[in-house]
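**Q** What would the 3D arrangement of this be:
(chains A and B)
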Amino acid sequence: MSVERKIVVVDDEEDFCFFVKKNLEATGNFRVLLAHNGEDGIRLTRLEMPDVVLLDVMMPNLGGPDVADILNSDPKTKDIPVIFLTAIVTKQEIGVEPMKAIGGLNYIAKPVEIAQLVEAINKVISK
Amino acid sequence: MEKAKILVIDDEAVIRQLLLRTLSDKGYEVEVAEDGSRALEKIKSNVFNMLITDLKMPKVSGMEVLAEIKKINPYVEVIIITGYPTIDAAVEAIKIGAFDFICKPFDLLEIQTKIQLCLERQKRNLSHIQVTELTALFDLTKASILAHSVESLWELILTTALEVSGAQSGSVFLWDKQTNSFGKKFGKKLWEDAPTFTLNEEVLAKEIKKGETQLIIKEKDDKLIKELLSDGEEPNSLLIAPLVGNPLHCEESILGAVVVSAKASGDSFSERDKMLASILAGQAATILRNSELYGELEKKVEALKESIDKLHETQNQLIQTEKLASVGQLAFGIAHEIRNPLGIVLGGVEYLSTIIKTEDSDTNEAIAKIKKSISRANNIIVDLLKFSRASRLNIQEMDVCEIIDEVALLITNKAYFNSVKIEKSYQEDPLLMQGDVSMLRQVFFNICSNAVDAMPKGGVLSLNILKKSDESTGEDVVVVEIGDTGMGMSKEHCLRIFDPFFTTKDPGKGTGLGLSIVHMILERHDAKVWVESEEHKGTKFVIEMLQNKSVELKNKEGNNDG
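**A** Below you'll find the predicted structure:
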């Protein structure tokens, strides 16, 4: 039995968050905390210091790339890996080349199967 | 009616006086000459309808006078009077062209009757000849309207010249203003073995610069004939008719010349032929001048047509690019709106299947079917995104000034109706750079079109092109600034201006895609675009593009699809 990993999910689609939480927690390997806007997401991350942050790209006010920038510029949170979750993973949305966005950026397009998501999370954690 | 003019030639004073008095009384205008040489002098300075001549005279005989006069004016009628009639003389006189033959002593009544008959015949002949000649000249005008090329016009002019002058052969020489000499020439002969003559073009050029139609008769102008015909056979007479565009400036407006030679009858050309040739030349010059003007007009119409075609083509291209880009923008919009719910559905199904955890094959099959359908819906979105990116950039060297000019032209009408003035300022023109012409045209058009819309009460659309070097990389950057003096925008609007479906226009007026297309295209060019706006003052779009980029970089697709 592996260690339970702490995941913060930041997405304004509350229903999406709900099922991500349910499905990840159902694997028994993760504990999932939810935030529905960028500001809350930063606060929650600083507070909880999760193993991985799952970040939606398009959110009102503070978008995913901005949240990632802020986390990255904070010495406390800069080493927490981020995985972008987005309906369209395009350069246009993120504003810069996806792979360049944040150190070792990963992104996953919605809709995503839970197995895929788990795989991506494990991959960034093992790094 | 004009009086008929009669010249009486006789060495006997009595007969001269008798005829002078009798014929004057009858209403004719009569002149007398006492011998052949005097008669010839008078013939050269006067036009007579008719000659009454004695046959036997000192110096120049009546027969010689007859031959001579027919050369000068073939339509003069001649009656011969003689005291020594012989059949041979009579036959010869008629052959040369005398109308009748009267023996001395003559009856005054007889001679009056003959004069009357003779003049009537002349009138009939002349009117017939005039009709024929006029018809030929008229035909020239008529046919010139149908002529399809300048060459066919020249051919027509030459044919008419041969017809009215009765010549067997002739040539037209086209004047070439550039070389100040004759250029093309056409020759024509009425039949295969008609004599042709080679003309010395330098001498001919000198002659036509005088601007007048010339009748050159070998006997009189032997020297000129010899100069004109450098070698070979010489005709007994020539007609040279210069074609002059503007008679006030002969030398400058020479179009060419018509030269005819060798009258079919074997005679020399007459003064009358010269007059007809001169009329023909005047008419031909007008026709040619008209055809030249018409040609110029046609060229202008052709050029206009071309630019209209180009404009249409550009418009079509714009529509095409706009369509593709619209599909792209729509795809992005739809992708976002559909993939999120799909994500929820997928998450939900997976959650349910975890909870149910059943071995029931029907339930598991149902879950699989739902997942499959989600994937199917998602694939449609992926395809749509791929399609919108299918049109790869066609990068080539292009002149950014030319594109801005085209856009300005396309927007002219719209600007006019909004009372918008277009001001252009190019730091360099042309300014070559690498880019996709139709895509960038779309960018500038969309921005300009918005700018004009922002000025419903008029204003200035300024189009500036500058060049600078990038501060950090030192690369050459082309900067295009498109500014309006319209109502400006709030900061909030500025931030959202490139978002798909964002529009400040009334419903139905804008799709909200125009500027997001601009953004997409410029991004694919690795170009920067931003807006500077002040409310009530105006808005300025600034576009910075690298002047020389590697084609590879520009052609890469800017997106990664997840």
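**Q** helix or strand right after the biggest helix by length in chain B?
**A** Identified as the longest helix of chain B according to DSSP state H is helix B:271-356. Note on helix B:271-356: by DSSP states H and E, the next helix or strand toward the C-terminus is helix B:361-388.
**Q** Tell me if residue B:397 really is in a strand.
**A** Yes. Remark: residue B:397 belongs to a strand, assigned using DSSP: H, G, I helix; E, B strand; the rest coil.
**Q** close enough to count as contact, it and residue B:434?
**A** Yes. Using C-beta atoms under 8 Å, residue B:397 is in contact with residue B:434, at 5.9 Å. For the C-beta atoms, the positions are set from N, CA and C on the backbone; glycine is no exception.
**Q** Give me the more crowded residue out of those two.
**A** More neighbours surround residue B:434 than the other of residue B:397 and residue B:434, with 19 against 10 (other C-beta atoms under 10 Å in any protein chain shown).
**Q** so the more buried one, which of the three states?
**A** strand.
**Q** Give me the local confidence score for it.
**A** pLDDT, residue B:434: 90.
**Q** And it, how far from chain A?
**A** Distance, residue B:434 to chain A, using C-beta to the nearest C-beta, to the nearest Å: 20 Å.
**Q** can you list the residues of the stretch 351-500 of chain B near chain A?
**A** Contact residues, the stretch 351-500 of chain B versus chain A (C-beta under 8 Å from any C-beta of the partner chain): B:351, B:354, B:355, B:371, B:374, B:378, B:385.
**Q** could I get those as a markdown table with pLDDT?
**A** Compiled in a markdown table, these are given as follows (pLDDT from 0 to 100):
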| residue | pLDDT |
| --- | --- |
| B:351 | 92 |
| B:354 | 87 |
| B:355 | 87 |
| B:371 | 90 |
| B:374 | 91 |
| B:378 | 84 |
| B:385 | 70 |
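**Q** So which of these is the closest to residue B:334?
**A** residue B:385 (9.2 Å; C-beta to C-beta).
**Q** what about the closest one, neighbour count?
**A** 21.
**Q** wait, it sits on residue B:331?
**A** Yes. Using C-beta under 8 Å, residue B:385 makes contact with residue B:331 at a distance of 5.1 Å.
**Q** Residue B:32 is in what secondary structure piece?
**A** strand B:29-33.
**Q** hmm, who's touching that strand?
**A** Strand B:29-33 is contacted from outside by B:3-10, B:16, B:19-20, B:23-24, B:39, B:41-42, B:46, B:48, using C-beta atoms under 8 Å, 6 or more residues apart in numbering or on different chains.
**Q** please redo it, this time with the cut-off set to 6 Å
**A** B:3, B:5, B:6, B:7, B:8, B:9, B:16, B:20, B:23, B:24, B:39, B:42 (C-beta atoms under 6 Å, 6 or more residues apart in numbering or on different chains).
**Q** on that earlier part again, just the angle between the longest helix of chain B and helix B:361-388, please?
**A** Relative orientation of helix B:271-356 versus helix B:361-388 (axes from the mean of the first three to the mean of the last three C-alpha atoms, to 10 degrees): 150 degrees.
**Q** by how many degrees do helix B:271-356 and strand B:432-436 diverge?
**A** Interaxial angle of helix B:271-356 relative to strand B:432-436 (the same axes, to 10 degrees): 50 degrees.
**Q** Which helix or strand in chain A has the lowest average pLDDT?
**A** Across the helices and strands of chain A, mean pLDDT, DSSP states H and E gives its lowest value to helix A:91-94, namely a mean of 44.
**Q** what's the next helix or strand after that one packed up against?
**A** Later in the chain than helix A:91-94, the nearest helix or strand by DSSP H and E is strand A:106-109. Here strand A:106-109 touches strand A:82-86, helix A:114-126, going by 3 or more C-beta pairs under 6 Å, 6 or more residues apart in numbering or on different chains; DSSP states H and E.
**Q** what are the phi and psi values for the residue most central in space within chain A?
**A** By C-alpha atoms, centre = their mean, chain A has its centre lying nearest to residue A:54, at 1.1 Å. When read as degrees, to the nearest 10, the backbone of residue A:54 gives phi -100, psi 120.
**Q** Walk me through which strands the strand holding residue B:32 pairs with, and which way each runs.
**A** Using DSSP bridges, the strands paired with strand B:29-33 are strand B:5-9 (parallel).
**Q** average pLDDT for the strand it pairs with?
**A** 90.
**Q** same question, stretch A:63-74
**A** Stretch A:63-74 comes out at a mean pLDDT of 88.
**Q** remind me which residues of chain A are low pLDDT?
**A** Applying pLDDT under 70 to chain A flags the ranges A:1-2, A:88-105.
**Q** Please repeat the previous calculation with a cut-off of 90.
**A** A:1-4, A:13, A:56-66, A:68-69, A:72, A:78, A:83-113, A:115-116, A:119-120, A:122-127 (pLDDT under 90).
**Q** of the helices and strands packed on strand A:106-109, which approaches chain B most closely?
**A** Nearest to chain B, of all the helices and strands packed on strand A:106-109, is helix A:114-126, at 5.0 Å by C-beta to the nearest C-beta.
**Q** who's in contact with that closest one?
**A** Applying C-beta under 6 Å, 6+ apart, the contact partners of helix A:114-126 are A:23, A:51, A:52, A:81, A:83, A:106, A:108, B:350.
**Q** Now do residue B:416 against chain A, distance only.
**A** 36 Å.
**Q** what does residue B:88 give?
**A** In terms of C-beta to the nearest C-beta, residue B:88 sits 115 Å off from chain A.
**Q** Can you get me a residue count around residue 69?
**A** No chain specified, so I'll use chain A. So residue A:69, with other C-beta under 10 Å, has 14 neighbours.
**Q** Chain B is the one I meant
**A** Per other C-beta under 10 Å, the neighbour tally for residue B:69 reads 24.
**Q** Check what pLDDT the residue lying closest to residue B:186 once chain neighbours are set aside gets.
**A** Counting by C-beta to C-beta, 6 or more residues apart in numbering or on different chains, residue B:172 is the residue found nearest to residue B:186 once chain neighbours are left out, at 5.1 Å. pLDDT, residue B:172: 87.
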